[in-house]
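Enquirer: With the sequence up front, the predicted model follows.
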Amino acid sequence: MSYQPTLRALRRARQALKRQQRLLQQLELDGFVALSFHPLTGTLTLPLAGHLIAQAAHECHEVLRERRQHLKESATQLQRDGQENDTQRQRDKQFLKAAKKAQAKGDPPLPYPAA
């Protein structure tokens, strides 16, 4: 198994990071504030000056707050689903245990209880 493609990709990522850091340092020395966005396909750096800084900071804060709220709701839903699955698994386990006990005694099969 060859790790060459992975090492090449890692080297390219390090070089891109160094270029990005140099660009941000240069913008800072010039008196600009820059926002960097890192989507999956690349990097976008926007230099901002003056009144745009406060507006951009406010917009980023709002977007991040909404994203956090969405993630919190998703986590709550996943936790609720997990608890329901655990409860159902326990019910199934108890039913199987009772069914095996009834079968061992020679009783007729038990109907599955409605939830």
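Expert: In hand now; what should we look at?
Enquirer: Show me the residue sitting in the middle of the chain in space.
Expert: Nearest residue to the geometric centre of the chain (CA atoms, centre = their mean): Leu71, 7.7 Å.
Enquirer: what separates that residue from Gln77, distance-wise?
Expert: Separation of Leu71 from Gln77 (CB to CB, to the nearest Å) stands at 11 Å. C-beta: built from backbone N, CA, C; applies to glycine.
Enquirer: Read off the pLDDT value for Leu23.
Expert: Turning to Leu23, the model gives it a pLDDT of 85.
Enquirer: Enumerate every residue touching it.
Expert: Going by CB atoms under 8 Å, 6 or more residues apart in numbering, Leu23 touches Ala34, Thr45.
Enquirer: where do the strands sit along this protein?
Expert: Remark: strands assigned in the chain by DSSP state E are 33-37, 44-48.
Enquirer: Measure how far the last one is from the centre of its chain, please.
Expert: What it means is strand 44-48. Offset of strand 44-48 from its chain centre (CA atoms, centre = their mean, to the nearest Å): 25 Å.
Enquirer: In its sheet, which strands sit next to it, and in what direction?
Expert: strand 33-37 (antiparallel) (DSSP bridges).
Enquirer: follow-up on the earlier one: would you mind giving the strands of the chain as TSV with mean pLDDT and mean neighbour count added?
Expert: Formatted as TSV, these follow (pLDDT from 0 to 100; neighbours: other CB atoms under 10 Å):
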stretch	mean pLDDT	mean neighbour count
strand 33-37	75	14
strand 44-48	75	14
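Enquirer: and Ala99, how many neighbours does it have?
Expert: Neighbour count of Ala99, defined by other CB atoms under 10 Å: 15.
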